[in-house]
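A.B. asks: Give me coordinates for this.
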Amino acid sequence: MKWETVIGLEVHAQLSTRAKIFSGAPTAFGAAPNTQACAVDIALPGVLPVLNRGAVERAIRFGLAIGATVNRTSIFARKNYFYPDLPKGYQISQYERPIVEGGAIRIVTGAGEKTIRLTRAHLEEDAGKSLHEDFHGMSGIDLNRAGTPLLEIVSEPDMRSAEEAVAYARALHTLVRWIDICDGNMQEGSFRCDANVSVRPAGVAALGTRCEIKNLNSFRFLERAIEHEVRRQIAVIEDGGRIVQETRLYDPDRDETRSMRSKEEAHDYRYFPDPDLLPLVVPAAWIERVRAELPELPEAKRDRYVREWGVTAYDAATLTQSREMAGYFEDVVAAGVEAKLAANWVMGELAAALNRSGLEIGASPVASGALAGLLARIRDNTISGKIAKEVFDAMWAGEGTADEIIERRGLRQITDAAAIEKLVDEVLAANPKSVEEYRAGKEKAFNALVGQVMKATKGKANPAAVNELLKRKLSG
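C.D. replies: From the prediction side, this is the model:
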């Protein structure tokens with residue numbers, strides 16, 4: 001039997017406010033346990049929550065960025081459950097009337113483009129954290145995260161593979177950083193994914209029983225967890241069993257998911273409107289001000305790169321993975337470099353060097369203007385593309401500008417036709433076997449002759465001129 005995978009994601013994005021959502025306590029990461037939890041966060045008797053305006057504005061920004069409805073009025077609710085790191089015994093969240101409803105995000109995968117619909121995005125507070133490693137036979141509770149502002153972003157079950165789920169999560173990660181509502185640091189828990197996974201026979205419309213995989217904090221773990229869960233569910237059904245709706249945890253060491261607890265339904269949480277918080281009313285003027293302040297969004301940039309600069313859809317998606325990368329690329333193009341050449345170098349040599357050095361593009365030792373200067377030397381035939389890579393490595397090492405390195409190392413391309421012709425004649429005379437093989441129809445022999453000429457010039461001969469001269473002389 002053929003099976004179809006159905007995936008929906010719930011993503012918790014920590015909003016980039018300096019204070020918590022209902023108190024003035026700080027949200028900085030890495031503080032000593034329980035040093036950033038005030039009376040409101042630890043639920044002392046008589047305290048009242050006060051909503052953080054900055055958290056609301058970030059939710060509005062997100063709603064507008066995905067083309068969603070920003071509800072003029074929304075309600076905060078109490079989500080009741082008992083856990084040691086939840087001091088109040090309930091979490092303040094939004095249920096029936098969230099601040100954001102609908103919207104969509106377009107993703108690009110190897111199979112092409114696809115639109116993923118969003119159900120909602122709502123504001124809520126985070127819980128604290130239970131610590132088990134440093135205590136023998138006990139658990140410690142750190143309430144620093146209690147009250148940290150979150151935007152929970154819920155998709156429709158529109159994804160059909162782990163690849164699509166990762167593409168959606170990456171696109172969402174790019175967007176929340178792009179519009180500056182979340183730093184996206186997955187290692188610190190600022191961006192966490194829960195995956196709802198089910199399978200059904202191909203062609204069947206009804207959804208299968210889903211399992212939720214909690215707190216996936218890397219794109220690699222998200223992909224592996226979904227792939228394992230899909231295999232597990234299919235094996236259970238094909239062996240005559242049935243899937244139980246439950247919450248599961250992914251163990252990266254064993255590369256498997258395992259059961260945590262039965263999955264709660266909404267009624268299990270006994271939601272009801274929080275009596276300490278008035279309905280949130282967002283004036284139309286506020287929404288329009290936020291709309292006017294939004295930057296050009298990744299999807300719009302992708303479309304512009306394809307439409308105006310002839311960049312492929314895949315390359316455009318790669319170049320807009322971060323606002324910083326897109327800015328760098330546009331600066332190179334603005335300096336007069338052809339967009340395709342700029343794209344190849346930003347995604348190729350530059351990205352590889354950044355990856356090797358563990359750097360973000362904003363910390364690149366080769367600034368956009370410096371790269372544009374190097375690419376200009378390729379375009380005017382001062383150096384070949386191969387030599388340009390040597391020059392780039394020297395620039396990365398801090399040896400100076402492209403022009404300085406080219407002059408100091410004597411890397412200027414040989415473009416003198418007479419000098420190249422002399423070398424070509426010498427190579428043809430020294431390699432009669434390759435000449436004979438080429439004339440017998442072996443194309444590889446031609447490449448060998450080109451290689452010999454380039455070797456003789458230490459890579460400095462103009463490749464186009466070498467090719468043209470060789471073909472002319474070999475056909476004579």
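
A.B. asks: Kindly provide the distance from residue 186 to residue 256.
C.D. replies: Separation of residue 186 from residue 256 (C-beta to C-beta, to the nearest Å) stands at 21 Å. Backbone N, C-alpha and C define where each C-beta goes, glycine included.

A.B. asks: try residue 39
C.D. replies: Separation of residue 39 from residue 256 (C-beta to C-beta): 43 Å.

A.B. asks: Count residues in the vicinity of residue 450, would you?
C.D. replies: Residue 450 has 17 neighbouring residues, counting by other C-beta atoms under 10 Å.

A.B. asks: Going along the chain, name the strands of the stretch 101-250 of the chain.
C.D. replies: For the stretch 101-250 of the chain, the strands defined by DSSP state E, counting those that start in this stretch cover 104-109, 112-125, 129-131, 140-142, 149-155, 191-201, 211-216, 246-251.

A.B. asks: Out of these, which one sits most buried?
C.D. replies: Among the strands of the stretch 101-250 of the chain, ranked by average contacts under mean count of other C-beta atoms under 10 Å, first place goes to strand 149-155 (a mean of 23).

A.B. asks: Work out the gap between that strand and the centre of the chain.
C.D. replies: Averaging C-alpha coordinates over strand 149-155 and over its chain gives two centres that are 17 Å apart (C-alpha atoms, centre = their mean, to the nearest Å).

A.B. asks: Next: stretch 45-60.
C.D. replies: Distance, stretch centre to chain centre, for stretch 45-60: 29 Å (C-alpha atoms, centre = their mean).

A.B. asks: first vs last residue of that stretch, how far apart are they?
C.D. replies: 32 Å (C-alpha to C-alpha, to the nearest Å).

A.B. asks: Then stretch 20-36?
C.D. replies: Using C-alpha to C-alpha, one end of stretch 20-36 lies 10 Å from the other.

A.B. asks: low pLDDT regions in the stretch 301-450 of the chain?
C.D. replies: For the stretch 301-450 of the chain, the stretches flagged by pLDDT under 70 are 414-417.

A.B. asks: What are the boundaries of the helices in it?
C.D. replies: For the stretch 301-450 of the chain, the helices defined by DSSP state H, counting those that start in this stretch cover 313-319, 323-334, 339-345, 351-357, 368-379, 385-396, 402-409, 417-430, 432-439, 443-456.

A.B. asks: To residue 136, which of those lies closest?
C.D. replies: Distance to residue 136, taken as C-beta to C-beta, is lowest for helix 351-357 among these, at 40.9 Å.

A.B. asks: For the closest one, buried residues please.
C.D. replies: 351, 353, 354 (16 or more other C-beta atoms under 10 Å).

A.B. asks: so the longest helix along the chain versus strand 246-251, what angle?
C.D. replies: Ranked by residue count under DSSP state H, the longest helix found in the chain is helix 219-238. Put simply, helix 219-238 runs at 130 degrees to strand 246-251, going by axes from the mean of the first three to the mean of the last three C-alpha atoms, to 10 degrees.

A.B. asks: So what touches helix 219-238?
C.D. replies: 1, 3, 5, 7, 162-163, 165-166, 169-170, 193, 195, 197-199, 208, 211, 213, 216, 242-243, 248, 250, 252, 255-257 (C-beta atoms under 8 Å, 6 or more residues apart in numbering).

A.B. asks: Check stretch 37-50 too.
C.D. replies: Under C-beta under 8 Å, 6+ apart, the answer for stretch 37-50 is 20, 22-25, 87-89, 92, 128, 143-144, 146-147, 274, 276-277.

A.B. asks: Who has more neighbours out of residue 39 and residue 256?
C.D. replies: When neighbours are counted by other C-beta under 10 Å, residue 256 comes out ahead of the other of residue 39 and residue 256, with 16 against 12.

A.B. asks: give me the number of residues near the residue lying closest to the more buried one once chain neighbours are set aside?
C.D. replies: With C-beta to C-beta, 6 or more residues apart in numbering as the criterion, residue 256 has its nearest non-adjacent residue at 5.6 Å, and that residue is residue 228. A count of nearby residues for residue 228, using other C-beta under 10 Å, gives 20.

A.B. asks: now swap in the one 10 residues further on and tell me
C.D. replies: The number of residues packed near residue 238 is 10, by other C-beta under 10 Å.

A.B. asks: Residue 321 now?
C.D. replies: By other C-beta under 10 Å, 19 other residues sit near residue 321.

A.B. asks: you'd agree it is up against residue 174?
C.D. replies: Yes - using C-beta atoms under 8 Å, residue 321 makes contact with residue 174 at a distance of 5.5 Å.
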